[in-house]
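Undergrad: pasting the structure only:
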């Protein structure tokens, strides 16, 4: 069970409006109370913060907003004392343009760091088009007059892409990884690494994919030496730290592609973290539950005998889980939050859970572009404005889809700024904090928070829910996700209603002697295994 912490929004200890390491330290006992095994920290390295820490200027330093290396050492010690492992983000597809390597690289064409990045001399003409996520004009090449050249940035112009074709760069990165592992961290989540391998000749993009961002992502993620680099990383670093865990973000565009990252025989990484299960548009009701079930079934089929998957519905790049997959209305927010927690905790794989989702935190839905801090949203807005696009429609869409929705400060109590900070917070607090907060949910035995703790404990006590065989039931049911988990003679049935209405289910299983293990409804006498109530979640042991 891995719990993701977005440090900037977790807890502010010094009154500057920004979450920090000491803030996390102050909540270590809360983390332990959740029953989690590990924490994945979003980047805390030194950074000018163009993309909230995903633009790293010093891979061995701590961002001043977050504190000092002494603070980090205390955090690591405190986590380990409580039996919690620490997983750090490894952001090495790109660095910050303020990184020493890039500052040197741009000085001259013969600088020793020049080949740490991708440069295209202007005398060769305009470089072949490459699409960029965060660029106002969606152009991944930026002209730099100092050496009359263009540099490549798949993300913002302040995030130049590192040249993994250069063995000297790779050695620098491996040494940096060893530095953190020797400090005692327990592993890495590789950010955007699926894009690290590039053909330096930059052939023309296939015409049929231009304008189709999903196809461009697939093209970018299929570089010629990607798995060579991962195998080298394993040989040079990871094999020397056998207890270190590694997570492959964006692991391929299919189950077979994802397996390549984590097949034990290939000696690369440990856990595949694919995006098919979150790349479903605005809401699961638009995508369709049957299609959604098929995604998990396809991946489980591929991974049933080897390899290992992550199971997640939210992270720092997604809107809030309950707003995208559940129902964040006052009537159904808690019920649907518990239902989604049940799903994440009863599928085969390692559960990843994003901070605040244990409370059922919901989208904030900003009205104005000025409320957004996110480089992605702000630059997309500016690009659309330059083209005379529909800005009102853009902002309306972002109310549901923006990743900024998940980055609002954690709601600790009903005091000013939800107990997150005594100053003006770096990002607005969701106004529902008065009733939706940790302190209130601690006192309510039926709260989403206490339900989360119960399900985490249940999962740990029942290996069948972690390792057991998965079988999908009632596949074509558009409202209910039903499946069994089986291991060593034990069989569990999971029933999940993804709608706000009563829904029928046909499992084909005789459950006369079934034992109810968990329900997100209080009234167990009203349970009907054939008709589930709105957002009902049941875990049943089959005798």
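TA: In hand now; what should we look at? All of these numbers come straight from a predicted model, not from anything done at the bench.
Undergrad: quick one: the nearest residue to residue 220 once chain neighbours are set aside from residue 71, how far?
TA: Excluding its sequence neighbours, the residue lying closest to residue 220 (Cβ to Cβ, 6 or more residues apart in numbering) is residue 195, at 4.7 Å. Quick note: C-beta positions are derived from backbone N, CA and C, even for glycine. Note on residue 195: its distance to residue 71, by Cβ to Cβ, to the nearest Å, is 32 Å.
Undergrad: okay, now the nearest residue to residue 532 once chain neighbours are set aside: neighbour count?
TA: The shortest distance from residue 532 to any non-neighbouring residue, by Cβ to Cβ, 6+ apart, is to residue 497 (4.0 Å). By other Cβ atoms under 10 Å, the residues close to residue 497 number 28.
Undergrad: which residues pair with residue 497 across the strands?
TA: residue 480 (DSSP bridges).
Undergrad: Run through the strands of the stretch 201-350 of the chain in chain order.
TA: 245-249, 271-273, 310-311, 350-354 (DSSP state E, counting those that start in this stretch).
Undergrad: want to throw the ones you listed into JSON lines with distance to residue 448?
TA: Shown next, in JSON lines, are these (distance: least, Cβ to Cβ, whole Å):
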{"stretch": "strand 245-249", "distance to residue 448": "25"}
{"stretch": "strand 271-273", "distance to residue 448": "24"}
{"stretch": "strand 310-311", "distance to residue 448": "18"}
{"stretch": "strand 350-354", "distance to residue 448": "12"}
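Undergrad: buried set for the helix or strand of the chain with the lowest mean pLDDT?
TA: Ranking every helix and strand in the chain by mean pLDDT, DSSP states H and E puts helix 213-220 at the bottom, with a mean of 88. The neighbour-count check on helix 213-220 (16 or more other Cβ atoms under 10 Å) flags 216, 217, 218, 219, 220 as buried.
Undergrad: What of stretch 437-452?
TA: So for stretch 437-452, counting by 16+ other Cβ under 10 Å, buried means 437, 438, 440, 441, 447, 448, 449, 450, 451, 452.
Undergrad: show me the contacts for the fifth one.
TA: Applying Cβ atoms under 8 Å, 6 or more residues apart in numbering, we find residue 447 in contact with 334, 359, 440, 441.
Undergrad: which among these gets closest to residue 427?
TA: residue 359 (16.9 Å; Cβ to Cβ).
Undergrad: tally of neighbours for that closest one?
TA: 24.
Undergrad: Which of the three states applies to the closest residue to residue 424 other than its chain neighbours?
TA: Distance criterion Cβ to Cβ, 6+ apart; nearest residue to residue 424, sequence neighbours excluded, is residue 17 at 5.1 Å. Following DSSP: H, G, I helix; E, B strand; the rest coil, the label given to residue 17 is coil.
Undergrad: so how far is residue 72 from residue 17?
TA: On the measure of Cβ to Cβ, residue 17 and residue 72 end up 21 Å apart.
Undergrad: now residue 307
TA: 32 Å.
Undergrad: cool, residue 224 as well?
TA: 37 Å.
Undergrad: okay, these two: which has more neighbours?
TA: Neighbour tally, residue 224 and residue 72, criterion other Cβ under 10 Å: the higher count belongs to residue 72, 22 against 10.
Undergrad: Now do whichever strand or helix holds the more buried one: which elements does it pack against?
TA: Taking DSSP states H and E as the criterion, residue 72 maps to helix 69-81. The helices and strands touching helix 69-81, judged by 3 or more Cβ pairs under 8 Å, 6 or more residues apart in numbering; DSSP states H and E, are helix 21-25, helix 28-33, strand 58-62, strand 85-91.
Undergrad: End to end on stretch 533-540, go ahead and measure it.
TA: For stretch 533-540, the first-to-last residue distance is 16 Å (Cα to Cα, to the nearest Å).
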